[in-house]
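Chemist: the sequence isn't on hand, but the structure is:
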């Protein structure tokens, strides 16, 4: 098994001269820098989220679903007392923005 693995080594691991080792090191450094740059740009893009209203924290996969109970309107009224007339609730993987004030609903729907 070891002989088969060592026989199938690619050119990447075999350097015939110091020049080959230097070019391989340069390529490795370039690929590493490129990977870090891509990760940094992805993380910066992900962190630019629009500001959301406050809301309760839920569980990672289920969101706030296990805490709602059977009287959904009562729970939303209770959450409006805690967080104000507009708040966010994660229902599973879906983000829901709840607007509980009729005048605020008219203003949001009008625009």
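Modeler: Good, I have the coordinates. Remember, it's a predicted structure, so these values are computed and weren't measured experimentally.

Chemist: did I read that right, residue 49 in a strand?
Modeler: No: assigned with DSSP: H, G, I helix; E, B strand; the rest coil, residue 49 falls outside any strand and is coil.

Chemist: if I look at it, how far off is residue 64?
Modeler: 19 Å (Cβ to Cβ, to the nearest Å). To be clear about C-beta, it is placed using only N, CA and C from the backbone, and glycine gets the same treatment.

Chemist: more crowded one of those two?
Modeler: For residue 49 and residue 64, the more surrounded residue by other Cβ atoms under 10 Å is residue 64, and the numbers stand at 19 against 7.

Chemist: distance-wise, check the residue positioned nearest the centre of the chain relative to residue 56.
Modeler: The C-alpha lying nearest the average C-alpha coordinate of the chain belongs to residue 46 (Cα atoms, centre = their mean; 6.5 Å). According to Cβ to Cβ, residue 46 and residue 56 sit 23 Å apart.

Chemist: now residue 106
Modeler: Distance from residue 106 to residue 56, by Cβ to Cβ: 25 Å.

Chemist: look at those two and report which has more neighbours.
Modeler: Taking neighbours as other Cβ under 10 Å, residue 106 and residue 56 compare with residue 56 leading, 15 against 10.

Chemist: so that one sits in a helix?
Modeler: No: counting by three-state DSSP, one finds residue 56 to be coil, located in no helix.
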